[in-house]
Structures are given as structure tokens and as C-alpha cells.
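In: return a 3D structure for these sequence lines:
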Amino acid sequence: MLNELKRYNSIGDEEGILFFVKMLSNVDTISYKEVLNRCALERKLMVNCNGMIAFMEYLGYIKCDKVTVKMESAFSELRNISGKAVINAITHKSINRLTEDGVFDEGCLFFDEKTEHFRIKKSSFPLTFAAIRNFLISSGAWGDDAGDSIGVDDSYESELLITIREHRKKMTLEELRNRQEAQNERGLKAEEFIKKYEQDRLPSKANRIKRISDIDVTAGYDIISFVDVGSEAYDRFIEVKSYLGKERFFWSENESDVAKEKGDKYVLCLVDYEKIEEPGYKPLFIVDPYKEIFSGTSWLVRPSSYKVERV
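Out: All right, here's what the predicted structure looks like:
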């Protein structure tokens, strides 16, 4: 569903969205082919049919298996309304779903004293959610689009803040633990992916390439490997970071210290988790990342916290 949604920047204009909803309002199921055909016939309307299906499925309104489109119970709220009321309902649903999925969890919202409005950092929206972001702008929920942020319209400010606050209240210890477990699972899968990547790159040394992160948690890297077949001793120390959406990661003090010490023998590998199963996918390898990150101009480094103690 999300992999399909990220293919699209737009789902269509307001008239196209209203046409799509009206087409589905009088049925419980409809063939996927008929939906495509009916959208194709409406040449005066701007509606991205496949993008709209992925969008509505993400919001929980429909279920599609590429043969049949089935209305879910949530779609009932759209059946007896029309016009702007439909757009408003979809807007509210979008805000709630994005909040539930944690899009607003990482400090993406800030107050702009000059405009006296809350604003949302564009970087908080991964490519996966570009179509939803653009829909919220066109619907009027998000206001002016300037620079690296988007303004929150006055009429939706209170709802957004309340929704985020309620979401954070629901983040119980168990949910936080589940999220951490999911992150750990993604990290493990990324590390195993890179281990095999290295073994495929150097098959003659495959049995000596190892993932050590489970055992030596203080090493400062995850995988030990070799630069090439001519290397006798380990000379490629790989730290693996997986990410969703934008290329960003947290680098511990120990990891950066080890990177500085090992220089060009240390490699930082960034793995796009959404592409990990795509045939031929090549992750980003950064050799001597300490120099690249702290002396180069391609990366923005921000301290996330300071350890302070009395001396």
C-alpha cells in the first residue's frame, strides 16, 4: 500500500476526488478495471486513479486487490455527504492517519513567531507521503508553502495540536517497546543485507566476513570485511544505518570516535529500508565518514543532546 502510494505526487484536484468518491458511494464492491475505465473517460477531470486508490486504501476507506475494490466500513462517512464536506472529511482522516503513523513525532512542528503560525518541516514528510502532503496543501489544511516548511491553516491548527497530543498520550510503555523492537528488526535486516552484499562482492572471503554487532556492542561498527580480495587482514569496518524516507541517522559518540580513528578503513553504509528487497538495489557506502560528514558540505550535523555533569 505505502510502496504504491509513494509512486505518486498527486491524487488529483478537488473535482477529481469528488468524482472518485461519488463513483464508489452507491456500491459496496466494484471491479478494479471498471474504476480505471470510468476514470479514464472523465478527461475533463484531474484524477490520478491508481494514486487515488492507494490513497483511499491507506486511509482505510477501501480495500483493493487489483481485481476488486471493496468499500470498508469507514467509507460510510462519505456516502451521504458531498462537495466540501467530503474534502473536509478526507482531510481530517489524513491528519489522524499521519499522526497515528508517527509522521509528526520527531519535532517536525514548530511555532514561527513572525507569521504567528505553527509550521511543519517538509523534511518530516518522506517520499511515501508526498501525495498526502500535496492533498493537504490543496485542501487548505496546510497554508503557505515557503522554503523548507509549510504553514498550518488557522482552521486546522487546534485539531492538529489536539490530535498530536492525544496520540502521544496513547504511546504507552508497551507501544514504545514495540516501536523499539520494530526499529531493531529493521536494523538487523539491514545488517544481514549488507553482510550478504559483502559476501557476494568477495565470494572467496565470504566465510570470513562477519556481523559482530550482537556480540561486541562497543566495537563502533557492525560488520567486518575486506576492501578487496588482496586484503589479508580485516581492513573494512562497516557501520550500518537503515532509514525510511530521508537519508538521516543517529551516530553515537563511540561510533564517530571509532570512525575518526580508523579513517578510510571505516565505512558508513546507509540502507533505504523500503528498497531493501528491490532487485539490484545498491545502498550508499561512505568511506571515511568522519571526514566526509564533519569536514564536507553534504551533511547537516545537529547535536541531539548534551551530557552535562558538575565538575
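In: mind checking the end-to-end distance for stretch 230-246?
Out: Taking C-alpha to C-alpha, to the nearest Å, the first and last residues of stretch 230-246 lie 36 Å apart.
In: for it, buried residues please.
Out: For stretch 230-246, burial by neighbour count (16 or more other C-beta atoms under 10 Å) applies to 236-243, 245. From N, CA and C alone the C-beta is placed, and that goes for glycine too.
In: do stretch 205-223 as well
Out: 205, 209, 211, 213, 219-223.
In: just the endpoints, please. Distance across that stretch?
Out: Termini of stretch 205-223 sit 14 Å apart (C-alpha to C-alpha).
In: pull the residues that contact that stretch.
Out: The contact list for stretch 205-223 (C-beta atoms under 8 Å, 6 or more residues apart in numbering) reads 191-192, 194-195, 198-200, 202, 224-226, 229, 231, 234, 237-240, 252, 254-255, 257-259, 266.
In: test my guess that D153 contacts S139.
Out: No: in this structure D153 lies outside contact range of S139 using C-beta atoms under 8 Å: 9.3 Å.
In: mean confidence for stretch 80-91?
Out: The average pLDDT within stretch 80-91 is 92.
In: need the CA coordinates for it. PDB is fine.
Out: This file holds the C-alpha atoms of stretch 80-91, laid out as PDB (Å, rounded to 0.1, in the frame of the first residue of the first chain):
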ATOM      1  CA  ASN A  80     -24.300  10.800   2.500                       C
ATOM      2  CA  ILE A  81     -22.200  14.000   2.100                       C
ATOM      3  CA  SER A  82     -21.000  15.900  -0.900                       C
ATOM      4  CA  GLY A  83     -18.800  18.800  -2.000                       C
ATOM      5  CA  LYS A  84     -16.600  20.500   0.500                       C
ATOM      6  CA  ALA A  85     -17.900  18.200   3.300                       C
ATOM      7  CA  VAL A  86     -16.200  15.200   1.500                       C
ATOM      8  CA  ILE A  87     -12.900  17.100   1.200                       C
ATOM      9  CA  ASN A  88     -13.100  18.100   4.900                       C
ATOM     10  CA  ALA A  89     -13.800  14.500   6.000                       C
ATOM     11  CA  ILE A  90     -10.800  13.200   4.000                       C
ATOM     12  CA  THR A  91      -8.600  16.000   5.300                       C
END
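In: next, the buried residues of it.
Out: Here stretch 80-91 shows 86-91 as buried, counting by 16+ other C-beta under 10 Å.
In: off-centre distance for stretch 132-139?
Out: Chain-centre distance of stretch 132-139: 17 Å, with C-alpha atoms, centre = their mean, to the nearest Å.
In: avg pLDDT for that stretch?
Out: In this model, stretch 132-139 has an average pLDDT of 86.
In: using CSV, write out every CA atom in that stretch.
Out: Taking C-alpha atoms only, stretch 132-139 is exported to CSV below (Å, rounded to 0.1, in the frame of the first residue of the first chain):
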residue,chain,number,x,y,z
ILE,A,132,-0.9,13.3,1.1
ARG,A,133,1.1,16.4,1.8
ASN,A,134,0.1,17.9,-1.5
PHE,A,135,-3.5,17.0,-0.9
LEU,A,136,-3.5,18.7,2.5
ILE,A,137,-2.0,21.8,0.8
SER,A,138,-4.6,21.8,-1.9
SER,A,139,-7.5,21.2,0.6
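In: contacts for it?
Out: Outside stretch 132-139, the residues that touch it by C-beta under 8 Å, 6+ apart are 5, 9-11, 13-14, 17, 55, 58, 87-88, 90-91, 94-95, 98, 122, 125, 142, 145, 150.
In: also stretch 11-29?
Out: Applying C-beta under 8 Å, 6+ apart, the contact partners of stretch 11-29 are 30, 35, 38-39, 42, 45-49, 51-52, 55-56, 62, 68-71, 75, 78-79, 82-83, 86-87, 90, 131, 135, 138-139.
In: make a PyMOL selection of the buried ones in those.
Out: To isolate the buried ones among those in PyMOL, judged by 16+ other C-beta under 10 Å, type:
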select buried, resi 30+35+39+45+47+48+49+51+52+55+56+62+69+71+75+78+86+87+90+131+135+138+139
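In: in helices only, show me the contacts of stretch 11-29.
Out: Among the contacts of stretch 11-29, DSSP state H puts 35, 38-39, 49, 51-52, 55-56, 78-79, 86-87, 90, 131, 135, 138-139 in helices.
In: I am finished for the moment; much appreciated.
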